[in-house]
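Q: need coordinates for the below:
(chains A and B)
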Protein chains: 2
Amino acid sequence: MSVLSGFLLKSGSIQFNSICRRYISAKAFIFQKQFQGFPKESDFKLVNEELPALKDGEFLAAAEYLSVDPYMRAYAPRVKTGKTFMGSQIAKILESKNPDFPEGKYIVGEYGWRTHTVSNGKPLANGVPSAWLIPDLGNLPISLALGVLGMPGNTAYFGLLEICKPKAGETVIITGAAGAVGSHVGQIAKIKGCKTIGVAGSDEKGKWLVQELGFDHFINYKTDNVKAKLKEYAPNKIDCYFDNVGGGISSLIMMYMNLFGRISVCGAISGYNETELPKAPIVQYPMTFNQLKMEGFIVHRWLDRWLEGIEQNKNWIQEGKLKYPETVTNGFENMYEAFTDMLRGGNIGKAIVKV
Amino acid sequence: MSVLSGFLLKSGSIQFNSICRRYISAKAFIFQKQFQGFPKESDFKLVNEELPALKDGEFLAAAEYLSVDPYMRAYAPRVKTGKTFMGSQIAKILESKNPDFPEGKYIVGEYGWRTHTVSNGKPLANGVPSAWLIPDLGNLPISLALGVLGMPGNTAYFGLLEICKPKAGETVIITGAAGAVGSHVGQIAKIKGCKTIGVAGSDEKGKWLVQELGFDHFINYKTDNVKAKLKEYAPNKIDCYFDNVGGGISSLIMMYMNLFGRISVCGAISGYNETELPKAPIVQYPMTFNQLKMEGFIVHRWLDRWLEGIEQNKNWIQEGKLKYPETVTNGFENMYEAFTDMLRGGNIGKAIVKV
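A: Below is the predicted model of the structure:
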């Protein structure tokens, strides 16, 4: 049952419908102020917005889960203040005048931090769909469409396999290993027969990566001697590096890579909350010596293969090879807390908010 | 005439030959001490070494030109102290008991900083030839086999074309643009129809790049406002970056690149003389946002296409499209001065020493 069902009185009568619609309002977090350093609560404002009646081609979607992701911090400068803050959500279509998005279906919508949205379903300016119907997930929870069976899942799938191209027997290292993408990448590396080392910021996460997800080794970048651990865990050095964080730890890992090693750069969370780009030991030295290849990516470059990634990840889950941890925060009003907790590394696996 | 001809008395008699050989000695720079920071003269020792008589399969080569290159600073830690310092030379074969390397021919030999060498011509431990016969260069000076028609020339040819893959109309930027490789890369970029921007450390070099070599623009990284110049000279941003230096200037350029830009990392001379890797703003941020691809390389990966590069560069010279500046230092005893002058950016084009 949607949260709206209590007050959205449906009827075949257009007139009645339009009368009802006057009572529908959305809650939304407006981006009040560009972040300076770490996001502050006062950078957002929670408002109520009355929604207009549907025109032909439009539909009304009610959020059930919302995503908080590291990229939001990085892309915030592209959001105009006064607008809803960015992000994906799983929403149920409550009402529709668009045959491509029928009532009752679930979608992933790029609607930002808001509970209700009137959408025409057309792609965004950058060509990315503003909404896509969630394919049949069988018995799996719908929330996975924001995680392992959605954008982060495809980020792990394509970002590792297409850029690092890991081969069985190689050693793969992942920073930000306990996050939605990192924890998934490590599991794919294991599926592909690689030795897998996760780097994260707490021993609790490390224990979970090794004992629950099957990583071979864990390095705590806050407390371990990273150089010594690299030598111990990767006596044959590193072949593939999936980089979520950038910065000093990346420079260190790159000094410990094999000839023709591959680096997939998914993000640079170590620098997102800095007002200036932080400095780290230069990478060009190991890049040249070991003829490394490094590539940054945004997952939407594989939009034409989107369902391939989802299908493969779903199959791995069903075969028992892929786990899908989630950290769920309850209540739309807690978006800010969920977001900043995730930025501080408080989550394990995918961080989502249940409306 | 070889410098040896005055005292190498040749004869058909093996006995006489072996007597003569007792009088042949080589001058060599021995690597006395690993560099700490910028190389010091006392890190080398100039010695005389008596050479043994040739065995079957060996030949005697006399250096005529020696190369000084940035890579020597970077690779120095791999040279054992007490051994001849590393480097290529053009040598004439004075005497031979190896039919693959006949008397009178010219070779490029990986013999290091020494005037005379007894060699068996076998590949080095890493598979790279220790000596290769210089192909017919027509009327061109033999010294080019150390520069535009040798390793640096192939570095420019393959490093730009295979990694950056520049397309006509794109904008290519080169750091270390006045060096042997950089000045060559810029000319190939022009041949390929690209807008070409050179970055170097003096206006004299800049004038030469633009007026003599046909670069479109020049940036003096020491005195210009690099950000402002990038905006002025590359209104459509940078598509390809050929990086010889690494460090802060590279981080800056990468922030100004186009989506799917390509970076060929040839070296990191900005860090070679530091005792610790210098720090620079992290690159992972622009790598991700603009989905950049960066690859480091060592030219020997294209050994199987070596003559292709030389042939193409020779053709471009003969068509008048490629110039081949050299900075020549006279006298083998001045190797150290030539080397350190090159490291300080004193050279324009290829730095060589004439014995």
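
Q: only C-alpha atoms for contact and neighbour calcs from this point on.
A: OK.

Q: and the residue nearest the centre of chain A, what does it touch?
A: The centre of chain A sits closest to A:Pro152, judged by C-alpha atoms, centre = their mean, with a distance of 4.1 Å. Neighbouring residues of A:Pro152 by C-alpha atoms under 8 Å, 6 or more residues apart in numbering or on different chains: A:146, A:180-181.

Q: now swap in A:Asp56 and tell me
A: A:97-98.

Q: and it, how far is that from chain B?
A: 36 Å (C-alpha to the nearest C-alpha, to the nearest Å).

Q: which SS class is that residue?
A: Classification of A:Asp56 using DSSP: H, G, I helix; E, B strand; the rest coil returns coil.

Q: roughly how far apart are A:Leu94 and chain B?
A: Separation of A:Leu94 from chain B (C-alpha to the nearest C-alpha) stands at 35 Å.

Q: pretty sure that residue sits in a strand.
A: Yes. Counting by three-state DSSP, A:Leu94 falls inside a strand.

Q: and the residue nearest to the centre of chain A, which of the three is it?
A: Assigned with three-state DSSP, A:Pro152 falls in the helix class.

Q: low pLDDT regions in chain A?
A: Along chain A, segments meeting pLDDT under 70 span A:1-23, A:274-275.

Q: show me which residues of it are close to chain B?
A: For chain A, the contact set with chain B under C-alpha under 8 Å from any C-alpha of the partner chain comprises A:246-247, A:265-268, A:271, A:277-285, A:287-298.

Q: strands along the stretch 1-150 of chain A, start to end?
A: A:25-31, A:44-50, A:59-67, A:89-96, A:106-109, A:116-119, A:131-133 (DSSP state E, counting those that start in this stretch).

Q: A:Pro235: neighbour count?
A: By other C-alpha atoms under 10 Å in any protein chain shown, the residues close to A:Pro235 number 11.

Q: look up how far A:Tyr256 lies from it.
A: Remark: distance between A:Pro235 and A:Tyr256 (C-alpha to C-alpha, to the nearest Å) = 10 Å.

Q: likewise for A:Gln89?
A: 39 Å.

Q: so which of these two has more stuff around it?
A: Taking other C-alpha under 10 Å, A:Gln89 and A:Tyr256 do not tie; A:Gln89 has more neighbours (30 against 21).

Q: from chain B, how far off is the residue nearest to the more buried one when sequence neighbours are not counted?
A: Using C-alpha to C-alpha, 6 or more residues apart in numbering or on different chains and skipping the chain neighbours, the partner closest in space to A:Gln89 is A:Leu66 (4.2 Å). As judged by C-alpha to the nearest C-alpha, A:Leu66 and chain B stand 23 Å apart.

Q: just checking, which of the residues of chain A next to chain B belong to helices?
A: A:271, A:284-285, A:287-289 (DSSP state H).

Q: of all those, which comes closest to B:Gly198?
A: A:Gln284 (18.8 Å; C-alpha to C-alpha).

Q: quick one: residues contacting the closest one.
A: A:Gln284 makes contacts with B:246-247, B:265, B:267-268, B:296, as judged by C-alpha under 8 Å, 6+ apart.

Q: now, the most widely separated pair of those?
A: Pairwise distances across the contacts of A:Gln284 (C-alpha to C-alpha) peak at 14.2 Å, for the pair B:Gly247 and B:Gly296.

Q: that older thread, from the contacts of A:Gln284, list the ones also adjacent to chain A.
A: Counting by C-alpha under 8 Å from any C-alpha, the members of those near chain A are B:246-247, B:265, B:267-268, B:296.

Q: by neighbour count, which of the residues you listed wins?
A: Highest count within the ones next to chain A among the contacts of A:Gln284 by other C-alpha under 10 Å belongs to B:Val265, 31 neighbours.

Q: my read: that residue touches A:Thr288, true?
A: Yes. With contacts defined as C-alpha atoms under 8 Å, B:Val265 counts as touching A:Thr288 at a distance of 6.1 Å.

Q: quick one: the helices in chain A?
A: Assignment of helices within chain A using DSSP H yields the ranges A:14-21, A:71-75, A:151-158, A:180-191, A:203-211, A:226-233, A:248-254, A:269-272, A:284-289, A:306-318, A:335-343.

Q: next, format those helices as a markdown table and append distance to B:Leu252.
A: Output for those, formatted as a markdown table (distance: least, C-alpha to C-alpha, whole Å):
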| stretch | distance to B:Leu252 |
| --- | --- |
| helix A:14-21 | 52 |
| helix A:71-75 | 18 |
| helix A:151-158 | 27 |
| helix A:180-191 | 28 |
| helix A:203-211 | 35 |
| helix A:226-233 | 29 |
| helix A:248-254 | 18 |
| helix A:269-272 | 16 |
| helix A:284-289 | 14 |
| helix A:306-318 | 34 |
| helix A:335-343 | 26 |
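
Q: circling back: let me have the ones in helices among the residues of chain A next to chain B in TSV, extended by distance to A:Phe31.
A: What follows is these, written out as TSV (distance: C-alpha to C-alpha, whole Å):
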residue	distance to A:Phe31
A:Gly271	21
A:Gln284	38
A:Tyr285	41
A:Met287	39
A:Thr288	43
A:Phe289	45
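
Q: give the PyMOL command for selecting the buried subset of those.
A: In PyMOL syntax, the buried subset of these is picked out as below (16 or more other C-alpha atoms under 10 Å in any protein chain shown):
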select buried, chain A and resi 271+284+285+287+288+289
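
Q: and of the contacts of A:Pro152, the nearest to A:Thr115?
A: Closest to A:Thr115, out of all of those and judged by C-alpha to C-alpha, is A:Leu146, at 15.6 Å.

Q: and that closest one, how many neighbours?
A: 26.

Q: now A:Ile188
A: For A:Ile188, using other C-alpha under 10 Å, the count is 22.

Q: that one touches A:Gly159, doesn't it?
A: No. Taking C-alpha under 8 Å as the definition, A:Ile188 is not a contact partner of A:Gly159, at 10.9 Å.

Q: would you mark the buried spots in stretch A:258-275?
A: In stretch A:258-275, counting by 16+ other C-alpha under 10 Å, buried: A:258-273.

Q: what's the farthest-apart pair in the residues you listed?
A: Taking C-alpha to C-alpha, no two of the buried residues of stretch A:258-275 sit farther apart than A:Leu259 and A:Asn273, at 33.0 Å.

Q: A:Thr327: how many residues sit nearby?
A: A:Thr327 - counted by other C-alpha under 10 Å - has 17 other residues nearby.

Q: what's the burial count for the residue lying closest to it once chain neighbours are set aside?
A: Counting by C-alpha to C-alpha, 6+ apart, A:Ala351 is the residue found nearest to A:Thr327 once chain neighbours are left out, at 4.7 Å. Close neighbours of A:Ala351, defined as other C-alpha under 10 Å, add up to 25.

Q: ok, A:Asp136 next?
A: So A:Asp136, with other C-alpha under 10 Å, has 10 neighbours.
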